[in-house]
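This is a predicted model, with the sequence first.
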Amino acid sequence: MLLLIDASRANNEQKTGVEWYGFFVIQELKKIVPLETRVILYTREPLKGELANLPPNWQERVLHWPPRRLWTQIRLSWEIWRVKMGARNYTVGVPEKEIVLFVPAHVLPLVCPTRTFITIHDLGGLRFPAGYSLFEKLYARFATWFALRRAIVFTPSEFSKREIQSVFGKWKIIVVPNGFDRDNYYLINDKEKIKQILGKYNIKSPYFISISRLEEKKNTVGIVEAYKIFQEKMLLKSNLENYSLVLLGKPGYGYTKVKEAIIKSGYQHTIIIPGWVEAEDVPYLMAGATGFVFPSFYEGFGIPILEAMACGVPVVASNRAALSEVANGAALLVDPYKPVDIAQAMLEIVSSSALKEELVGRGLARAREFGWKKTASGIWDMFVG
């Protein structure tokens, strides 16, 4: 087999969820792909960091393309065509049925081998159009339509599978759940290190934390409004501590409304936006929190709630999209459109040690069911099946 992988997004320095998916799946495939299989990672620029450490049967191929757009549709397509035509610098005589292309993120090249696989994570661009331009929405629709006709499609949840089929018809779609970074997100008992990391970002305990882009789709405004209600209810319980809210993430679509909501809340001095945070510090910020709040309007999976669960942090999550499927009874589920419900869940966590302990136990058990090794194995099984 000649396995071709689009590693362009996994090679981005500042990764979002989809880029991390590609990174971790590639890292796990390195461990399970046999030596007799030749693997080529296609990138826009040389591989960086751990991604660049390749097994002997793996290689990178940098496909230079000065224009900022259409790298996949033109430059990668040209390279796939060369593979199919048996270009000299590819293995001579590999029949097309032994060539496999894997694209971890949404968009296929226009030229594909017969055996092509792609992961479509969700239909956010269609189902939650407010955060996308007209071009992005039309492009997302075309890319999904094209992928369903040219490739075997993976998706991370039954929810996303239903979404895709409801819009595009009853195509065959294979659910392979996502994982999370077990090496960094686990039950951290080093209280001194947690305290040190909190001091680095001027965060004081106790606090609730939310990790996502600060934007409309992630319901950041709803989190701020819920925090305001929570604080007002806490004033009636003088025996309880004063909690901060930490919003960790980069600004996204609708960030102006987030800033306005913070000022309007009257609690801008206890709402902390650290800005850029070193990746290795994030698990400690998570582990030090009283609770993790993730009432997103739309998610195809929801890796952050697994990360919180693995750190032993109670989770408040949306009852919409894929989050209830991923949580499976291990989180307090709320209506994301009702900040008062989010606030009530936060209040329940700080008011009941028994509930908090129960959520932690359920969360740790649920997180053990997921891992990138399991994800990569499910994908590899389809390649060789």
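Done, it's in. Numbering: from 1, shown residues only.

Over to residue 41: give its phi and psi.
Note on residue 41: its backbone torsions stand at phi -100, psi 120 [degrees, to the nearest 10].

Give me the nearest residue to it, chain neighbours excluded.
residue 7 (4.0 Å; C-beta to C-beta, 6 or more residues apart in numbering). From N, CA and C alone the C-beta is placed, and that goes for glycine too.

and residue 26, how many neighbours does it have?
The number of residues packed around residue 26, counting by other C-beta atoms under 10 Å, is 24.

do the one 4 residues further on as well
Neighbours of residue 30 under the rule other C-beta under 10 Å: 18.

you'd agree it is up against residue 55?
Yes - the pair residue 30 / residue 55 is scored as a contact, 5.5 Å apart, by C-beta atoms under 8 Å.

what's downstream of the lowest-mean-pLDDT helix or strand in the chain, the next helix or strand?
Lowest on mean pLDDT, DSSP states H and E among the helices and strands of the chain sits helix 124-127, with a mean of 84. Following helix 124-127 in sequence order, the next helix or strand is helix 134-150 (DSSP states H and E).

That next one - contacts with which helices or strands?
For helix 134-150, the packing partners by 3 or more C-beta pairs under 8 Å, 6 or more residues apart in numbering; DSSP states H and E come out as helix 124-127, helix 158-168.

Give the other helices and strands that the shortest one contacts.
Read that as helix 124-127. Applying 3+ C-beta pairs under 8 Å, 6+ apart, one finds that helix 124-127 contacts helix 134-150.

Next SSE downstream of the helix it packs on?
From helix 134-150, the next helix or strand downstream (DSSP H and E) is strand 152-155.

mind listing what that following strand pairs with, with the direction of each?
strand 115-119 (parallel), strand 173-175 (parallel) (DSSP bridges).

Residue 174: neighbour count?
For residue 174, using other C-beta under 10 Å, the count is 15.

That one bridge partners, please.
On the basis of DSSP bridges, residue 174 takes part in beta bridges with residue 154.

show me the contacts for it.
The neighbourhood of residue 174, defined by C-beta atoms under 8 Å, 6 or more residues apart in numbering, consists of 152, 153, 154, 155, 382.

circling back to that earlier point, hey, which of the strands paired with strand 152-155 is tucked in deepest?
With neighbours defined as mean count of other C-beta atoms under 10 Å, these peak in mean count at strand 115-119, which reaches a mean of 22.

Restricting to C-alpha, output that strand in CSV.
Once non-C-alpha atoms are left out, strand 115-119 reads as follows in CSV (Å, rounded to 0.1, in the frame of the first residue of the first chain):
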residue,chain,number,x,y,z
ARG,A,115,-9.6,4.6,-2.5
THR,A,116,-10.0,7.9,-0.8
PHE,A,117,-11.0,8.6,2.8
ILE,A,118,-11.9,11.9,4.5
THR,A,119,-13.2,13.1,7.9
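
Now do that strand against helix 134-150, angle only.
Relative orientation of strand 115-119 versus helix 134-150 (axes from the mean of the first three to the mean of the last three C-alpha atoms, to 10 degrees): 140 degrees.

what pLDDT, on average, does strand 115-119 get?
Taken as a whole, strand 115-119 carries a mean pLDDT of 97.

Roughly how far does residue 121 sit from residue 250?
In this structure, residue 121 and residue 250 are 19 Å apart, going by C-beta to C-beta, to the nearest Å.

nope, residue 283 is what I meant
Distance from residue 283 to residue 250, counting by C-beta to C-beta: 18 Å.

Compare these two (neighbour count), which wins?
Using other C-beta under 10 Å, the more surrounded residue of residue 283 and residue 250 is residue 283, with 21 against 13.

so that one touches residue 311, yeah?
Yes - Residue 283 lies in contact with residue 311 (C-beta under 8 Å); the separation is 6.2 Å.

Common neighbours of the two, please.
185, 186, 188.

got a winner among these for most neighbours?
residue 185 leads the shared contacts of residue 283 and residue 311 on contacts (other C-beta under 10 Å) with 22 neighbours.

Just the local confidence number for that one, please.
For residue 185, pLDDT reads 97.

Also residue 298?
Each residue has a pLDDT score; the one for residue 298 is 93.

do the same with residue 130
In the predicted model, residue 130 carries a pLDDT score of 70.

Grab the nearest non-local neighbour of it.
residue 216 (5.7 Å).

and if you look at residue 373?
residue 28 (5.2 Å).

Does the one you found touch residue 182 like I think?
No - using C-beta under 8 Å, residue 28 makes no contact with residue 182, being 10.9 Å away.

So between the two, which is more surrounded?
residue 28 (20 against 17).

element containing that one, please.
helix 17-32.

That helix versus strand 115-119: what angle between them?
Computed by the same axes, to 10 degrees, the angle separating helix 17-32 from strand 115-119 equals 130 degrees.

Only alpha carbons, please: show helix 17-32 as PDB.
The C-alpha atoms that make up helix 17-32 are tabulated as PDB, following Å, rounded to 0.1, in the frame of the first residue of the first chain:
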ATOM      1  CA  GLY A  17      -9.800  21.300  17.000                       C
ATOM      2  CA  VAL A  18      -9.600  20.000  13.400                       C
ATOM      3  CA  GLU A  19      -5.900  20.600  13.200                       C
ATOM      4  CA  TRP A  20      -5.300  18.800  16.500                       C
ATOM      5  CA  TYR A  21      -7.400  15.900  15.200                       C
ATOM      6  CA  GLY A  22      -5.100  15.600  12.100                       C
ATOM      7  CA  PHE A  23      -2.000  15.900  14.300                       C
ATOM      8  CA  PHE A  24      -2.900  13.200  16.800                       C
ATOM      9  CA  VAL A  25      -4.300  10.700  14.200                       C
ATOM     10  CA  ILE A  26      -1.100  11.000  12.200                       C
ATOM     11  CA  GLN A  27       1.100  10.500  15.400                       C
ATOM     12  CA  GLU A  28      -0.900   7.400  16.300                       C
ATOM     13  CA  LEU A  29      -0.800   6.000  12.700                       C
ATOM     14  CA  LYS A  30       3.000   6.200  12.900                       C
ATOM     15  CA  LYS A  31       2.800   3.600  15.700                       C
ATOM     16  CA  ILE A  32       0.500   1.100  13.900                       C
END
